[in-house]
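Trainee: this one's structure only:
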């Protein structure tokens, strides 16, 4: 959100974090640029999982240029935790790891089959980005 | 941690969460089974990212059988957020998604090459678990 837009929203209503805390939304509010009044539901999840003061601490520790991305990832994680209180977004990670493992097996199977028809060098050439995958 | 072990650790020292809050660790402490005295460093990260009371709320909302797994995923996420305050464990997700995309391209390339030598039916047979991957 641009500074101008934020001021506009401020004139109307307090940001979602200040509304949650029932306090006045000051001009230098750290939450206001990322949680306009309309984002109350999204902020409620962040408040439930992290607590407003912890979200504020995370914001203050970051450079202004990094805050928007950090709030996006935090909101995504909070939503995942509300949806799946046991695994949170680790559920996605487990799922992706499993898919990746299956794809690796597919590539392996295809390579074995290809080895019947083409040379190992040609296979390596085909899978150009192989080295990148094995990087940690 | 088994109930017996927990009691043993309780006799010696308060759990990491009670130590953090400088309070007495009672017998029915919700944190004690998951955060023994030795896990202070691990708990400090959870406290920093989520706050002790929020971790306590998450624990209390869950069935006892789900708590250990929930604390494992929460600790993993907290560690990821401390290491990467902007992306947290979303960094792993982006990385895995990118790897999966590359693997998909590898499979696609291998299929195209294989199509020169074997029938589409044989390729499908080879990639047996294809259907599973495309499930949401």
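Mentor: Ah, there it is. Quantities reported herein were computed from a predicted structural model and do not represent experimental measurements.

Trainee: and the closest residue to residue A:37 other than its chain neighbours, how far is that from chain B?
Mentor: In space, and not counting its chain neighbours, residue A:37 is closest to residue A:13: 3.7 Å by CB to CB, 6 or more residues apart in numbering or on different chains. Yep, even glycine has a C-beta here, placed from its N, CA and C like the rest. Using CB to the nearest CB, to the nearest Å, residue A:13 is found at 26 Å from chain B.

Trainee: for residue A:17, what are its contacts?
Mentor: A:29, A:31, A:32, A:35, A:43, A:47, A:52, A:55, A:56 (CB atoms under 8 Å, 6 or more residues apart in numbering or on different chains).

Trainee: so which of the residues you listed belong to strands?
Mentor: When the contacts of residue A:17 are checked against strands (DSSP state E), there are no matches.

Trainee: most surrounded residue in these?
Mentor: Among the contacts of residue A:17, residue A:35 has the most neighbours (other CB atoms under 10 Å in any protein chain shown), with 28 neighbours.

Trainee: quick one: the helices in chain A, in order.
Mentor: Under the criterion DSSP state H, chain A carries helices at the ranges A:3-12, A:16-21, A:40-49, A:52-61, A:64-83, A:90-114, A:120-126, A:130-133.

Trainee: could you export those helices as TSV, including distance to residue B:121 and mean pLDDT?
Mentor: Listed next are those as TSV, based on distance: least, CB to CB, whole Å; pLDDT from 0 to 100:
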stretch	distance to residue B:121	mean pLDDT
helix A:3-12	57	52
helix A:16-21	56	93
helix A:40-49	48	93
helix A:52-61	54	93
helix A:64-83	40	96
helix A:90-114	13	93
helix A:120-126	22	85
helix A:130-133	28	54
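
Trainee: dump those into JSON lines; add distance to residue B:19 as well.
Mentor: Below are those laid out as JSON lines (distance: least, CB to CB, whole Å):
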{"stretch": "helix A:3-12", "distance to residue B:19": "41"}
{"stretch": "helix A:16-21", "distance to residue B:19": "29"}
{"stretch": "helix A:40-49", "distance to residue B:19": "23"}
{"stretch": "helix A:52-61", "distance to residue B:19": "19"}
{"stretch": "helix A:64-83", "distance to residue B:19": "25"}
{"stretch": "helix A:90-114", "distance to residue B:19": "26"}
{"stretch": "helix A:120-126", "distance to residue B:19": "55"}
{"stretch": "helix A:130-133", "distance to residue B:19": "43"}
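
Trainee: of those, which approaches residue B:94 most closely?
Mentor: In terms of CB to CB, the element of the helices of chain A nearest to residue B:94 is helix A:64-83, at 9.3 Å.

Trainee: before we move on, back to that, can you narrow the contacts of residue A:17 to ones near chain B?
Mentor: Among the contacts of residue A:17, no residue is within reach of chain B (CB under 8 Å from any CB of the partner chain).

Trainee: circling back to that earlier point, any idea which of the helices of chain A gets closest to residue B:69?
Mentor: That would be, of the helices of chain A and by CB to CB, helix A:90-114, which comes in at 9.1 Å.

Trainee: helices or strands up against the closest one?
Mentor: helix A:120-126, helix B:64-83, helix B:90-114, helix B:120-126, helix B:130-133 (3 or more CB pairs under 8 Å, 6 or more residues apart in numbering or on different chains; DSSP states H and E).

Trainee: can you list contacts of the first one?
Mentor: Applying CB under 8 Å, 6+ apart, the external contacts of helix A:120-126 come out as A:111, A:114, A:115, A:130, B:109, B:110, B:113.
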